[in-house]
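Participant: can you look at this prediction? I've put the sequence above it.
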Amino acid sequence: MATIVIIGAGLGGVPMAYEMKDLAQPEDRVVMVSDKDYYHFVPSNPWVAVGWRKREEITVDLAKPMHKRKIELVIATVSKVKPANNTLEFADGSSLEYDHLIIATGPRLAFDEVEGLGPEGFTNSICHIDHAEKACDNWMQLIEHPAPIVVGAVQAASCFGPAYEMAFIMDADLRKRKIRDKIPMTFVTPEPFIGHLGLDGVGDSKTMLEAELRKHHIDWICNAKVEKVEAGVMQVIECDENGAEIKRHALPFGYSMMLPAFTGIDAVRDVEGLSNPRGFILIDKHQCNPTHRNIWGIGVAVAIAPKKPTPVPTGVPKTGFMIESMVTATAHNIRARLDGEEAKTEATWNAVCLADMGDSGIAFVAMPQIPPRNVSWMKSGKWVHLAKIAFEKYFLRKIRTGVSEPVFERWVMKSLGITKIKN
């Protein structure tokens with residue numbers, strides 16, 4: 001009998017538990033460890049932030065689906081991973097032993113790396129449902145008292161899609177309220193160019209996203225470092241192509257949403273051989289840690305080096321389709337190892353993204369995610385907005401009912417005809 005433990009109940013962790021349970025033997029234990037008793041669909045947080053969704057619409061109580069699938073659910077905060085004795089230590093002093101451990105925690109949000117950043121500072125966040133709800137409260141105050149908006153991401157951020165989504169969704173909401181003309185907007189990003197996305201661009205993303213920003217009257221600053229955030233003012237350093245300062249901006253705002261940089265969680269940092277200096281899990285091509293061969297990493301928690309450095313540091317995003325392929329590969333490789341065989345399955349690491357723009361949207365496909373690519377494709381239209389709404393409902397139904405088949409490949413790739421794309 002093997003005890004297989006998954007830490008994290010997010011976009012990677014819950015599907016990981018379902019797929020692993022499908023491949024486990026009846027005597028094997030599959031244990032889900034989470035610091036919260038619910039799942040929430042993070043891609044919907046921008047809608048929550050402007051009042052288009054409520055918490056109950058995008059969250060799922062984990063107890064029922066986990067019980068249905070006979071997956072053990074442990075609600076606890078992991079304080080330390082101890083590979084030497086195959087043990088997790090929890091904040092309450094208890095512990096749990098494992099035979100195989102899958103780290104699917106997502107990131108630690110590094111608001112502390114920029115003075116004044118985050119919900120405890122002067123900017124909003126959409127990285128968590130709690131943050132998005134607070135952002136919504138602040139949004140309603142902005143509606144009553146129009147003022148400039150600053151939106152984007154800070155240096156070393158890696159997830160740029162939601163920043164663009166938030167900018168366009170705010171624009172759409174303000175237009176519906178007939179007050180867009182009263183609220184100037186500035187997009188601030190460490191990307192070397194608009195549409196870089198941490199991926200060196202995808203298809204014609206630079207031209208397309210620049211055109212959309214112009215169309216929606218959103219100014220932008222690239223190669224930007226946020227020096228600090230004060231009440232109502234963001235201090236931004238604009239850099240040249242070598243990362244040297246060329247201009248300083250003091251941007252006034254009445255509302256700001258800035259995505260932070262990510263690091264690995266504290267429980268895995270400083271564990272020799274497990275993570276890189278930023279705390280992301282080191283993995284081989286089979287999702288397995290090279291040093292601790294019964295520890296696996298999936299999703300945002302894993303270390304992926306950028307293809308090439310940017311003047312202002314940026315990270316590499318991990319999109320839903322990419323994460324799903326990691327899940328499937330990991331489940332099959334653990335099963336192989338338990339059966340005395342070698343791990344052979346590799347994740348595809350392709351990127352498929354539906355980015356909402358409030359009343360339109362942009363879809364992109366990058367295969368593989370890091371260039372050079374076999375497919376690099378980007379399209380826009382109202383169909384993307386409608387597709388994301390449909391996918392939200394589809395994915396949440398998957399979580400609620402305990403469905404384990406890959407949905408990005410089956411639903412996005414096939415339903416949208418993306419398999420027909422040509423270079």
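Facilitator: Everything's here; your move.
Participant: now find how far off-centre stretch 226-233 is within its chain.
Facilitator: Computed by C-alpha atoms, centre = their mean, to the nearest Å, the chain-centroid distance of stretch 226-233 equals 24 Å.
Participant: now do the buried residues in it.
Facilitator: Val226, Glu227, Val229, Val233 (16 or more other C-beta atoms under 10 Å). In short, each C-beta sits where N, CA and C put it, glycine included.
Participant: among those residues, which ones are in helices?
Facilitator: Nothing among the buried residues of stretch 226-233 maps onto helices, per DSSP state H.
Participant: for the stretch 101-250 of the chain, what spans make up the helices?
Facilitator: Using DSSP state H, counting those that start in this stretch, the helices found in the stretch 101-250 of the chain span residues 129-144, 161-176, 205-215.
Participant: okay, these in TSV with mean pLDDT, distance to Tyr38 and mean neighbour count next?
Facilitator: Shown next, in TSV, are the helices of the stretch 101-250 of the chain (pLDDT from 0 to 100; distance: least, C-beta to C-beta, whole Å; neighbours: other C-beta atoms under 10 Å):
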stretch	mean pLDDT	distance to Tyr38	mean neighbour count
helix 129-144	98	9	17
helix 161-176	97	20	23
helix 205-215	95	33	17
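Participant: residue ranges for the strands of the stretch 101-250 of the chain, please.
Facilitator: Along the stretch 101-250 of the chain, the segments classed as strands by DSSP state E, counting those that start in this stretch run 108-109, 149-153, 185-188, 218-221, 224-230, 233-239, 245-252.
Participant: packing partners for the helix or strand following the last one?
Facilitator: Proceeding N to C from strand 245-252, the next assigned helix or strand is strand 255-259, under DSSP states H and E. Secondary structure elements in contact with strand 255-259, counted by 3 or more C-beta pairs under 8 Å, 6 or more residues apart in numbering; DSSP states H and E, are helix 129-144, strand 149-153, helix 161-176, strand 224-230.
Participant: to the chain's geometric centre, what's the distance from the third one?
Facilitator: To tie it back to what came earlier, the one meant is helix 161-176. 18 Å.
Participant: ok, now the first one?
Facilitator: When distances are taken as C-alpha atoms, centre = their mean, helix 129-144 is centred 20 Å away from the chain's centroid.
Participant: got the angle for it vs strand 255-259?
Facilitator: Relative orientation of helix 129-144 versus strand 255-259 (axes from the mean of the first three to the mean of the last three C-alpha atoms, to 10 degrees): 150 degrees.
Participant: using PDB, list the CA coordinates for helix 129-144.
Facilitator: Output in PDB follows, covering the C-alpha atoms of helix 129-144 (Å, rounded to 0.1, in the frame of the first residue of the first chain):
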ATOM      1  CA  ILE A 129     -10.800  35.200  -3.900                       C
ATOM      2  CA  ASP A 130     -10.400  37.100  -0.600                       C
ATOM      3  CA  HIS A 131      -8.200  39.700  -2.400                       C
ATOM      4  CA  ALA A 132     -10.700  40.000  -5.300                       C
ATOM      5  CA  GLU A 133     -13.600  40.600  -2.900                       C
ATOM      6  CA  LYS A 134     -11.600  43.400  -1.200                       C
ATOM      7  CA  ALA A 135     -10.800  44.800  -4.600                       C
ATOM      8  CA  CYS A 136     -14.500  44.800  -5.400                       C
ATOM      9  CA  ASP A 137     -15.200  46.900  -2.300                       C
ATOM     10  CA  ASN A 138     -12.600  49.400  -3.400                       C
ATOM     11  CA  TRP A 139     -13.900  49.300  -7.000                       C
ATOM     12  CA  MET A 140     -17.300  50.400  -5.800                       C
ATOM     13  CA  GLN A 141     -15.700  53.300  -3.900                       C
ATOM     14  CA  LEU A 142     -13.900  54.300  -7.200                       C
ATOM     15  CA  ILE A 143     -17.300  54.300  -9.000                       C
ATOM     16  CA  GLU A 144     -18.600  56.800  -6.500                       C
END
